[in-house]
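S.K.: Provide a 3D model corresponding to the input given below.
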Amino acid sequence: MPLESVKKPMLLVIDDDSIIADSLEYMLNDDYHIERAVDRQTSFDLLNQIAQSPTLALVDLGLPPDIHTPDEGMAVIGQIFRLYPSTRILVLSGQDSKQYKCQAMAAGAADFIEKPCDIAQIKARLMKQLKISGNELGVRSQLIGIVGSSEPIELLRMQIIQLASSPYPLLIEGESGSGKEVVARNLHFCSDRQNQLFLTLNCAAFNGELLESQLFGHIKGAFTGATEAKKGFFEEVGTGTLLLDEIADLPLGLQAKLLRVLEDGEYYRLGETQPRYATARVLAATNKDILTAIENGFFREDLYHRLSVLTIRVPNLRERGDDKFELLDYFKREVSDHVSTFHFNEATMKVWGEYAFLGNVRELRNIVIRLSAKYAGQPIKPEALKLEMTGIKKNLNKKTKDNWLRSSLNENGFQLDQMLKSVEKEWIEMAMADHNGNMSKVAEMLGINRTTLYGRMGKIDRKH
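M.R.: Numbers count the residues shown, from 1 in each chain. Next up is the predicted model:
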């Protein structure tokens, strides 16, 4: 039977030590409606019974049957966060290692209290989280650009609120155009660093020495063209937030230096021997599969583990159901200050609802801007909308490609090996042009290692 709704905030106490649990209930019963469980299974049963979202939860990490590892407690934290993401979870544990703290925060915990701990401190920490919980509605209203009502986007909102003020590095993963930088900005402006600087550095926009200078700064004469000393982003941002966008494109040499900053805060300006110390919170974003990059030798595994202490995955638009209609209205309002907005009839709205938006929110926004510029104040027919949808154009391009393949196959003297070598040469030359001859980036773009790339280029040169 569902538990009776009460006026006092609900506090879950998950601890197998009956003496501790009894003491907590006795001391906290006047302020909270307390529900108890002793292990993973009774916790899950309790979570399935309650009729409302618990306000707070105190969770011991060392639960039966294995009280000497944090696995059972971590599972309970994860389940609470999945079912009730607004619940503020506090860990109360004798397992006080830094690793466990980070792991608990990544699973959804908001605070970590080490045993033994006096009741006054527990009350104070609970009250702090209770106040935060009460302020969350106001914080949610401050989120900018997080539009939609789908379950994935609601979970994203809760993660932003939950993790905003954490001091740990955070990795933001998601497809191109899904809104990773928007998430990063909200993490900053919902945090206690909101009055400090927020800076973004695109790791794919610079190469080698220039990128190192952007990150860490340089002294006068450090390299050709360094006519004066310059601060880097770590120094400029101070105690604010630094977003390293396209982190998977960071060169391996700089990855080692970034790892050192994340581990002990230490870095050097280019050409300088005096260490400096970073105080910024580091966010990193990528649309690439970093685990694959690690397997191929393009990304350090130790750096990945430091960056992904906390992780947020931004859902793509295909997962978000009818959010595309809310986003349509949102971006129409955004451009309405400049032009009269267009409008859809029922048939056009159907096309909008069926379109996949492979370019995610960025593609959707660009379509709204183009339609506003071309059809200000006018109705949009389905045919006009389809002309703006690049995904539909890609399907047309596929038909063109298929026709070209069929035509080539039917040509007299067609030789598969010759055709493949010709295409390979064009792909390599295209990749070389895109990355200005940077062999590491060319190899990554082509999905091969540099040794293989050099070998294939040598074969091409010998054949031509």
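
S.K.: does the residue positioned nearest the centre of the chain sit in a helix, a strand or a coil?
M.R.: Centroid check for the chain by CA atoms, centre = their mean gives Ile172 as the closest residue, at 1.6 Å. Here Ile172 is strand, with the state taken from DSSP: H, G, I helix; E, B strand; the rest coil.

S.K.: what residues are up against it?
M.R.: If you count contacts by CB atoms under 8 Å, 6 or more residues apart in numbering, Ile172 has them with Lys180, Val183, Ala184, Leu283, Ala284, Ala285, Thr286, Thr311, Ile312, Arg313, Val314. Glycine gets a C-beta too; all of them are placed from N, C-alpha and C.

S.K.: can I assume the last one is in contact with Ser178?
M.R.: Which is Val314. Yes - counting by CB atoms under 8 Å, Val314 does reach Ser178; the two are 4.5 Å apart.

S.K.: re the thing from before, the residue nearest to the centre of the chain bridge partners, please.
M.R.: Ala285, Ile312 (DSSP bridges).

S.K.: looking at it now. What's its pLDDT?
M.R.: In this model, Ile172 is scored at 97, pLDDT.

S.K.: quick check: it vs Ile312, distance?
M.R.: Distance of Ile172 to Ile312, given as CB to CB, to the nearest Å: 5 Å.

S.K.: can you give me the strands in the stretch 301-450 of the chain?
M.R.: Using DSSP state E, counting those that start in this stretch, the strands of the stretch 301-450 of the chain run over residues 310-313, 343-344, 379-380.

S.K.: need those in a markdown table (columns: distance to Ile247).
M.R.: Output for the strands of the stretch 301-450 of the chain, formatted as a markdown table (distance: least, CB to CB, whole Å):
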| stretch | distance to Ile247 |
| --- | --- |
| strand 310-313 | 12 |
| strand 343-344 | 38 |
| strand 379-380 | 39 |
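
S.K.: out of those, nearest to Asn366?
M.R.: Closest approach to Asn366 among the strands of the stretch 301-450 of the chain is made by strand 379-380 (15.0 Å; CB to CB).

S.K.: partner strands of the closest one, with direction?
M.R.: Short version: by DSSP bridges, strand 379-380 pairs with strand 343-344 (parallel).

S.K.: contacts for the strand it pairs with, please.
M.R.: Trp352, Gln378, Pro379, Ile380, Leu385.

S.K.: which two of those have the greatest separation?
M.R.: Farthest pair in these, by CB to CB: Trp352 and Gln378, 15.9 Å.

S.K.: who's more crowded, these two?
M.R.: For Trp352 versus Gln378, neighbours defined as other CB atoms under 10 Å are more numerous around Trp352 (19 against 13).

S.K.: contacts only, for the more buried one.
M.R.: By CB under 8 Å, 6+ apart, the contact set of Trp352 is Lys324, Phe325, Leu328, Phe344, Leu385.

S.K.: ditto for Gln255
M.R.: Phe299, Arg300, Leu303.

S.K.: again, 10 Å this time
M.R.: Cys203, Ile247, Phe298, Phe299, Arg300, Asp302, Leu303, Tyr304, Leu307 (CB atoms under 10 Å, 6 or more residues apart in numbering).

S.K.: where's it relative to Tyr304, distance?
M.R.: The separation that Gln255 has from Tyr304, given CB to CB, amounts to 9 Å.

S.K.: any shared contact partners between the two?
M.R.: The contact sets of Gln255 and Tyr304 overlap at Ile247 (CB under 10 Å, 6+ apart).

S.K.: just checking, Glu424 touches Leu446?
M.R.: Yes - between Glu424 and Leu446 there is a contact under CB atoms under 10 Å: 9.2 Å.

S.K.: so what's the residue nearest to Phe298 when sequence neighbours are not counted scoring on pLDDT?
M.R.: In space, and not counting its chain neighbours, Phe298 is closest to Glu444: 5.3 Å by CB to CB, 6 or more residues apart in numbering. Here the pLDDT value assigned to Glu444 is 76.

S.K.: surely Glu444 meets Ala293?
M.R.: Yes - here Glu444 reaches Ala293: they are 7.4 Å apart, a contact under CB under 10 Å.

S.K.: if you count what's nearby, which of those two comes out ahead?
M.R.: Legend: neighbour count by other CB under 10 Å for Glu444 and Ala293, higher for Glu444 (23 against 19).

S.K.: got any residues that touch both of Glu424 and Leu446?
M.R.: With CB under 10 Å, 6+ apart, Glu424 and Leu446 have common neighbours Arg456.

S.K.: now do stretch 186-196: distance from first to last residue.
M.R.: Start-to-end span of stretch 186-196 (CA to CA, to the nearest Å) is 13 Å.

S.K.: got it, and stretch 47-56?
M.R.: Terminal residues of stretch 47-56 are spaced 13 Å apart (CA to CA).

S.K.: returning to what we had before: which residues do Val314 and Ser178 both contact?
M.R.: By CB under 10 Å, 6+ apart, the residues touching both Val314 and Ser178 are Ile172, Asn287, Asn360, Val361.
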